[in-house]
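Asker: Just the structure for this:
(chains A, B, C and D)
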Number of protein chains: 4
Amino acid sequence: MIRVGIVGAAGYIGGELLRLLIGHPEAEVAAATSRSLRGRPVDGVHPNLRGRAGLRFCGEDQLDYYDVLFLATPHRQTMRRMPEFLGMATTVIDLSGDFRLRDPGAYEYYYGVAHEATELLDTFVPGLPEFHRDRLRAADRISVPGCMATAGLLSLVPLAEAGLIEESVTVDARTGSSGSGARVGPENSHAERSGALRVFAPTKHRHEAEIAQATGLGVTMTATGVEAVRGVQLLGRARLAEGVGELDIRSAYRSRFAGEPFVRVVAHRRGLHRFPDAKIVSGSNFCDVGFAMEDGATHVTVIAALDNLVKGGAGNAVQCMNVRFDMPEDRGLEFTGLHPN
Amino acid sequence: MIRVGIVGAAGYIGGELLRLLIGHPEAEVAAATSRSLRGRPVDGVHPNLRGRAGLRFCGEDQLDYYDVLFLATPHRQTMRRMPEFLGMATTVIDLSGDFRLRDPGAYEYYYGVAHEATELLDTFVPGLPEFHRDRLRAADRISVPGCMATAGLLSLVPLAEAGLIEESVTVDARTGSSGSGARVGPENSHAERSGALRVFAPTKHRHEAEIAQATGLGVTMTATGVEAVRGVQLLGRARLAEGVGELDIRSAYRSRFAGEPFVRVVAHRRGLHRFPDAKIVSGSNFCDVGFAMEDGATHVTVIAALDNLVKGGAGNAVQCMNVRFDMPEDRGLEFTGLHPN
Amino acid sequence: MIRVGIVGAAGYIGGELLRLLIGHPEAEVAAATSRSLRGRPVDGVHPNLRGRAGLRFCGEDQLDYYDVLFLATPHRQTMRRMPEFLGMATTVIDLSGDFRLRDPGAYEYYYGVAHEATELLDTFVPGLPEFHRDRLRAADRISVPGCMATAGLLSLVPLAEAGLIEESVTVDARTGSSGSGARVGPENSHAERSGALRVFAPTKHRHEAEIAQATGLGVTMTATGVEAVRGVQLLGRARLAEGVGELDIRSAYRSRFAGEPFVRVVAHRRGLHRFPDAKIVSGSNFCDVGFAMEDGATHVTVIAALDNLVKGGAGNAVQCMNVRFDMPEDRGLEFTGLHPN
Amino acid sequence: MIRVGIVGAAGYIGGELLRLLIGHPEAEVAAATSRSLRGRPVDGVHPNLRGRAGLRFCGEDQLDYYDVLFLATPHRQTMRRMPEFLGMATTVIDLSGDFRLRDPGAYEYYYGVAHEATELLDTFVPGLPEFHRDRLRAADRISVPGCMATAGLLSLVPLAEAGLIEESVTVDARTGSSGSGARVGPENSHAERSGALRVFAPTKHRHEAEIAQATGLGVTMTATGVEAVRGVQLLGRARLAEGVGELDIRSAYRSRFAGEPFVRVVAHRRGLHRFPDAKIVSGSNFCDVGFAMEDGATHVTVIAALDNLVKGGAGNAVQCMNVRFDMPEDRGLEFTGLHPN
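Answerer: Okay, the predicted model is just below:
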């Protein structure tokens, strides 16, 4: 049994970690912290856990030592407290943004503050099993990518690494309201947010930097809030390298993702469900990846969809834990998603 | 030109008053107050008014004297300040709950505080032209009913007054998120509220008291938040008086609402749009009223739908102003609603 | 391993049976029929099953013999073919409406056609483990209740049986669009159905008869389509027997549902999630049951919520199979639901 | 009084023409055709028109001669019957796609069939007053652009004409479900379409050709269906010409749209409503246009939003009629849109 602690368990990512880990047959949630809800049952804020968890939130001062400590803590705060967290567990899996970018300059540009733990940056392994599985088997410091970044990495890195796309890519990301967390404010109120198509980050979204870092391409990303609670869908447009055709793209995805438990290539000529749609993967750990191009086209459009709280966050983190502790990768992550939904 | 002032113009009811009055050919919005947004353009918080209004919010201390003063102010605060407001305008149209119930005991039971201006209670005329048109022509103190109450009154009073229903009625009201105003809180956050079926008032909703007061019947009302921004739909179930049949009900509605510009009787045997649906009347000043019963039934189900911000609030208030100032009742209220929507 | 067949596997209930049974560790889906999609992969219409099922639809003529045959077939057709189905499996679990009502007269009144297999009516056990567990352990003909009926039965039967409520009950049911199945028509089109509050059955909904049959009370039910794909929420209002108070109601539910894996009593004084909400149980096999009443009230309001395709259909059917084949009742039904969602 | 006829009045564009023209003080709807609903009241399928229109659908054989004939007819059918239509009215305003592209080769590429009335192509004036007002004053053959095209033209043409952007542009368009009309099919069913992010045209959307034709740029467009009934939002990304900065872009829009009644430039540094959002303009004839770029950027992102049935169709057509018949351009189009909505 793996003994886990969750720091910041009252938020949406924290709640999703609770849901997945309570249902995980080889994990035991030994501690779930919340500053404001200390002592209160976790199912008060996570009502889906009613009857499934007798657990109560504890304070951070009550933490001791765990096999795995998941950090669902805000950026800035996370880097400041990281040395402390590293002493509390064999393996730390960080879901904040603080250890995703290796370049402190990029961090400062995108987050607006200087990085305060630059010496630790290189010690974290990116928490994306599809690309870093071997390193993750032995990793004790894992930094899970951002939700839109994960969609971008899974759809763009295979093409970039194979040299099939060139120079620069434009990325159009859409996200549901849970992506901004359980914070309260006018921007999140139902009346304002319902049905909105809100371009909340026309430029400089932080996940843009992660995609640029991993692909080595210039990335121009725009992020729009759409009507959904969960879900990220990302469209990327890239210039094809000389002579690259549809079959090359399809083969690159197929070979890269052969045997992957959580990536499905979805690119059909017809039908209602031709391309990745966040609606289909909601609640599951899948990231569907697809693409479209006309014959003789100079550009390809790639499409990826995932649930921001699962493959874009808590599910991906649990998958990393499974890799790290040598368990079947889909343990605790078997839920397929619902249709219709 | 009627010179109007709006107190509390930054909220949703205030914004709707602005929308309707700016578009009203015989009204001039001379003042729109907001404590927190004084000096700021009104289209900052009401972006639909961009390009239609150069208006800025003013402070309440900048108010002078108006033909009509609309109060979109919170309850309690409104009754305390009413003497002051009454000195600022020929006609005061109050959209708060403070002057809807004539019985101070009922007010205290439903609002949880004692009424502080009981001497004024009898001086207000209910702001529902369908039932109080003659008094409204000369009224200078008008209290607009609550949104669910308006739906309840228009569907139940005609039957109660005609003696077609008896004793007690159960009311099931459903409402969109704008009904709780522009307040910010976890209960209004998109992630929590989206798709919810939230029974937020299983008993003791304040609008229950208004329906009971006007019908003289016992009323048991339940209110549920449903997925919508605007809209109220109300179902009422009442025991029929001895010998009452479908034709009696239909005739009662038809005769009561003949010539009414904003009440439509919608009760068809078939079709997609057989009964009142809040979706159809969104943005308009209509309240659709319908009913259903089987042959030989002992009970009738009445159904009403309106837009809580229009016929359930600001539109109804403007209709009252039109009556009071002897204008065509639909002046400024011509919008028919959208389909599909 | 239990060998199962599914007749009518291309619809929404059929797809949900596939989802649950493919994930069930002790079941093997040996056949899934579709007349129009014979030979096509099941994940073409059920895209959530991509990568989880190599299965293809077969024709009904290809069926042989199964441990369990699930019928997700239309009413009328089901009763006509029932003798044939009964020869194809040890246990038949019927999800159609044809064997829910024991009284052929009631069937004819509510379904508009005469029952054609009246001799079989008494041989079916109601597929609701909470009330018929003992009989289900040995049942080979099981009729799963309707989705709204299940919500009604779980919230009303405990009170009726204990003599806490009397005479008649009014029921207000709300349902998502998946309740009308995968049929195509203007009434189901997104533009018409989105955001609708459509009273599609003001009287005579078929599930009303099931609630009346089980409670022995007079039931007047209204059904409204609300904005949701999945989900049923039901409000019932009933007159309390002499002297019954809140504690009696709470005790009745508590004792009746003690140890039940899929019924949770949800009735809190405060908080965002005070009462059952279909949003919270979406995808899960839970039916949440709650109630509200004022001190000294003459009536109680009961509230129940479930996912119409799970506890209101396929999940309940799988739970019955688990009971019948002596497996843990939650086998294959562990998914807790998502929050936020 | 302008006497108008509408061919194809039972669809969504037809219904919107009815709504706008019935409310237009200087127009009289003399005929509204529907093949399948001949003789039936128009408010049967357009329930928002209840009480506002006694009108019934007529057959096309009942048409005579009109000042303006609006064509809300399918493509292909429209070009075949155009000679006939041209004989029925002084001015024909076509909302189909058949006369939008001047190049028959482009038509064939995008529509998949050869154009059958190529001799008429040059006789149509594009129905976009912002760019063709002078020609429209005397035009008797007007072809209204596609909904996404209108958003693309208004946001991209001002920059292309001023030489501020170069070469090629990528366009990401999002649309609500009413864009595919009142057709019925699985792709439009609520359960499938609700909450979807469906990339239904990853390449070769027909409106792409209109944007390319008007801007002279290479255009690569992707169209995604999002959760909404009404609304189009379009993001365009273009390379800036040498030395072009934010001020140049802003000035180009400002000067191009100065005095335009229905185009608002929306590009703020902060606030909830920084950029064009389809939610805000729903029901109105506005097209909001905005943009974003970082200092020193090589690319600009333009953003436009409109209601596909209004400024993207029927409203724009009525605006053209107003221009043609020398009326104030906003006559009948005064509705500002709702907030919140």
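
Asker: Enumerate every residue touching whatever residue of the stretch 1-150 of chain A ends up closest to chain D.
Answerer: With C-beta to the nearest C-beta, the shortest gap between the stretch 1-150 of chain A and chain D falls at A:Tyr109, namely 10.4 Å. Where C-beta positions appear, they are placed from N, C-alpha and C, glycine not excepted. Taking C-beta atoms under 8 Å, 6 or more residues apart in numbering or on different chains, we find A:Tyr109 in contact with A:204, A:209.

Asker: my guess is it is in a helix, correct?
Answerer: Yes. With DSSP: H, G, I helix; E, B strand; the rest coil as the criterion, A:Tyr109 is part of a helix.

Asker: can I have the top strand by length along chain A written out in PDB, keeping just the CAs?
Answerer: If you go by DSSP state E, chain A has its longest strand at strand A:165-175. Only the C-alpha atoms of strand A:165-175 are listed here, as PDB (Å, rounded to 0.1, in the frame of the first residue of the first chain):
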ATOM      1  CA  ILE A 165       6.700  20.400 -38.900                       C
ATOM      2  CA  GLU A 166       8.800  23.500 -39.000                       C
ATOM      3  CA  GLU A 167       9.500  26.900 -37.500                       C
ATOM      4  CA  SER A 168       6.400  28.100 -35.800                       C
ATOM      5  CA  VAL A 169       3.100  26.900 -34.700                       C
ATOM      6  CA  THR A 170      -0.100  28.700 -33.700                       C
ATOM      7  CA  VAL A 171      -2.200  27.200 -31.000                       C
ATOM      8  CA  ASP A 172      -5.800  27.800 -30.200                       C
ATOM      9  CA  ALA A 173      -6.800  26.500 -26.800                       C
ATOM     10  CA  ARG A 174     -10.300  26.300 -25.400                       C
ATOM     11  CA  THR A 175     -11.000  25.500 -21.700                       C
END
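
Asker: Show me which residues of the stretch 201-341 of chain A are close to chain D?
Answerer: Residues of the stretch 201-341 of chain A lying close to chain D by C-beta under 8 Å from any C-beta of the partner chain are A:202-204, A:220, A:222, A:224, A:226-228, A:231, A:233, A:235, A:237, A:272, A:274-279, A:292-294, A:297, A:299, A:301, A:303, A:305, A:340-341.

Asker: List the buried residues of the lengthiest helix in chain A.
Answerer: If you go by DSSP state H, chain A has its longest helix at helix A:147-161. For helix A:147-161, burial by neighbour count (16 or more other C-beta atoms under 10 Å in any protein chain shown) applies to A:147-160.

Asker: next one: stretch A:25-35
Answerer: For stretch A:25-35, a neighbour-count test (16+ other C-beta under 10 Å) marks A:27, A:29-34 as buried.

Asker: Can you list which of those residues are found in strands?
Answerer: A:27, A:29-32.

Asker: how about these in JSON lines, adding distance to chain C and pLDDT?
Answerer: What follows is these, written out as JSON lines (distance: C-beta to the nearest C-beta, whole Å; pLDDT from 0 to 100):
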{"residue": "A:Ala27", "distance to chain C": "14", "pLDDT": "98"}
{"residue": "A:Val29", "distance to chain C": "14", "pLDDT": "98"}
{"residue": "A:Ala30", "distance to chain C": "19", "pLDDT": "98"}
{"residue": "A:Ala31", "distance to chain C": "20", "pLDDT": "98"}
{"residue": "A:Ala32", "distance to chain C": "15", "pLDDT": "98"}
